[in-house]
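Asks: show me how the following folds:
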Amino acid sequence: IFPIWLLILVPITSLLLLISYLTNLLINKPIKKNKNELIKESIDDIIRSTNKPLEFHRKYDVVVFGSTGFTGKLAASYIAKQYGYSGKNFHWAIAGRRRDALESLKKELSHNDPSLDDLDIIIADINDIQSISDLVAKTKVIITTVGPFAKYGSLLVRYCAAYGTHYCDTTGETDWVREMIDKYDDTARFTGARIVSFCGHDCVPWDLIVSTSAKQLELMDDKISEIHIYDELLSAPSGGTMDTIFHSLTNRVQFKSSLGYDPLLKTLQSIKSNNKLIVKNVSFLNYSKEHKSWTGPFVMAPVMANCIRRSNAINNYSDKLVYKEALVYPSLAAGIVNILSNIYLATAIVNQPLRSLLFLLNVIPKPGQGPSKSTLDKGFLKVTSYATGLQ
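Replies: Alright, predicted model coming up:
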């Protein structure tokens, strides 16, 4: 299979990429603003015309938006298991586009906890501005798993920033996060909204391990200067994750910040951080003497590095932090197989006909689909770090 892939599919894919690039270059034109875009702009007018943040009666502490999707259902199930139905000190709800799917989820959740029969359902569609406005005004915090976020997430961030509603998402789309900081960070600071991205697998474990390592070195009167991270994991992507990867890499538009610098470097004082992050992620299959194992590139490592770039700017870990990340293989053979798999995946990402075929054959999960419970139960993630200080 590999020679066929290398000699036929890769050249065809390269040609398709060239055609796609030239087509976008020739036909892309500025799009006239429609009615919805003009309505969105009115939010900024509201903020500029008042001297204090807007006030709302917040019925809920938390709303899970996109709760009928694969990841959203996991989040809703966790909250249901931990907290049950809203009590005196905690009120939550599930939200999404389709009432029938929400009712089905509610029934599923209440099977183990009858109190969840009273769990509220909120109908909200990212294409219905009024429904998003109403959703954001009702809750203190929104957890959203509705991606690709560059496609579906911007309006929600805009309203959360404007209405002072705290927000977290599961995105790994760095370009989009940059755009959201550039456009809405100042508004969020004014209203008190906390807009927090990268709150899923990308990039919580890595963000925490760098933060913890930096704090440990501070306890030793030292400052972190370099960190090497080794990832061991057994996992399978959801359809939403694959959809986001396809959308991000095939529809990428380089965002030009109005700040004049990388928005990830914006500090709490609204100025550019001078802290530098030097990324030395592993790019090829090699043997690590440090970790005593075969290692190679982790496809999500660039996302983790950008999250650390943001955290370093805000938390001031180091004025010059070296970040290195690698995926650990149980053997050399496993490493070779993984590298070949990445080549196959990269080809599928940019080759639309091939991608459609793999979707049709269920080789790649569709949005809403994901690994089975048994696969999730067998999965694991182990992140090991080696941090050094200046001394």
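Asks: ok, which stretches of the stretch 1-150 of the chain are strands?
Replies: 60-65, 92-96, 120-123, 139-144 (DSSP state E, counting those that start in this stretch).
Asks: for the ones you listed, which one ends up most surrounded?
Replies: Burial of the strands of the stretch 1-150 of the chain is given as mean neighbour count (mean count of other Cβ atoms under 10 Å); strand 92-96 ranks first at a mean of 25. For every residue, glycine as well, the C-beta is placed using N, CA and C.
Asks: got the angle between that strand and strand 60-65?
Replies: Strand 92-96 and strand 60-65 are oriented at 30 degrees to each other (axes from the mean of the first three to the mean of the last three Cα atoms, to 10 degrees).
Asks: how about the strands of the stretch 1-150 of the chain in JSON lines, adding mean pLDDT and distance to residue 178?
Replies: Formatted as JSON lines, the strands of the stretch 1-150 of the chain follow (pLDDT from 0 to 100; distance: least, Cβ to Cβ, whole Å):
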{"stretch": "strand 60-65", "mean pLDDT": "96", "distance to residue 178": "22"}
{"stretch": "strand 92-96", "mean pLDDT": "96", "distance to residue 178": "27"}
{"stretch": "strand 120-123", "mean pLDDT": "96", "distance to residue 178": "30"}
{"stretch": "strand 139-144", "mean pLDDT": "97", "distance to residue 178": "18"}
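Asks: residue 360: which of those strands is closest?
Replies: With Cβ to Cβ as the criterion, residue 360 lies closest to strand 92-96 of these, at 26.3 Å.
Asks: show me what whichever strand or helix holds residue 336 is packed up against.
Replies: According to DSSP states H and E, residue 336 maps onto helix 332-350. Contacts defined by 3 or more Cβ pairs under 8 Å, 6 or more residues apart in numbering; DSSP states H and E place helix 332-350 against helix 10-27, helix 239-250, strand 293-296, strand 320-329, helix 352-360.
Asks: 10 Å instead, please
Replies: helix 2-4, helix 10-27, helix 239-250, strand 286-288, strand 293-296, strand 320-329, helix 352-360 (3 or more Cβ pairs under 10 Å, 6 or more residues apart in numbering; DSSP states H and E).
Asks: only the buried residues of stretch 269-282, if you could.
Replies: Neighbour-count burial for stretch 269-282 flags 273, 275, 277, 279, 281-282 (criterion: 16 or more other Cβ atoms under 10 Å).
Asks: out of these, list just those in strands.
Replies: 277, 279 (DSSP state E).
Asks: separation between the spatially closest residue to residue 60 that is not a sequence neighbour and residue 379?
Replies: In this structure, residue 60 finds its nearest non-sequential neighbour in residue 139, 4.1 Å apart by Cβ to Cβ, 6 or more residues apart in numbering. Distance of residue 139 to residue 379, given as Cβ to Cβ, to the nearest Å: 31 Å.
Asks: pLDDT below threshold where in the stretch 51-200 of the chain?
Replies: Counting by pLDDT under 70, the stretch 51-200 of the chain has low-confidence residues at 51-55, 86-88.
Asks: any chance you could map the helices in it?
Replies: For the stretch 51-200 of the chain, the helices defined by DSSP state H, counting those that start in this stretch occupy 70-83, 99-110, 129-138, 149-152, 154-163, 174-191.
Asks: so which of those is nearest residue 326?
Replies: Short answer: helix 174-191, nearest of the helices of the stretch 51-200 of the chain by Cβ to Cβ, at 19.5 Å.
Asks: can you report how many residues lie near residue 193?
Replies: Residue neighbour count, defined by other Cβ atoms under 10 Å, stands at 25 for residue 193.
Asks: shouldn't residue 371 be within a strand?
Replies: No: with DSSP: H, G, I helix; E, B strand; the rest coil as the criterion, residue 371 is coil rather than part of a strand.
Asks: pretty sure residue 206 sits against residue 301.
Replies: Yes: using Cβ atoms under 10 Å, residue 206 is in contact with residue 301, at 8.7 Å.
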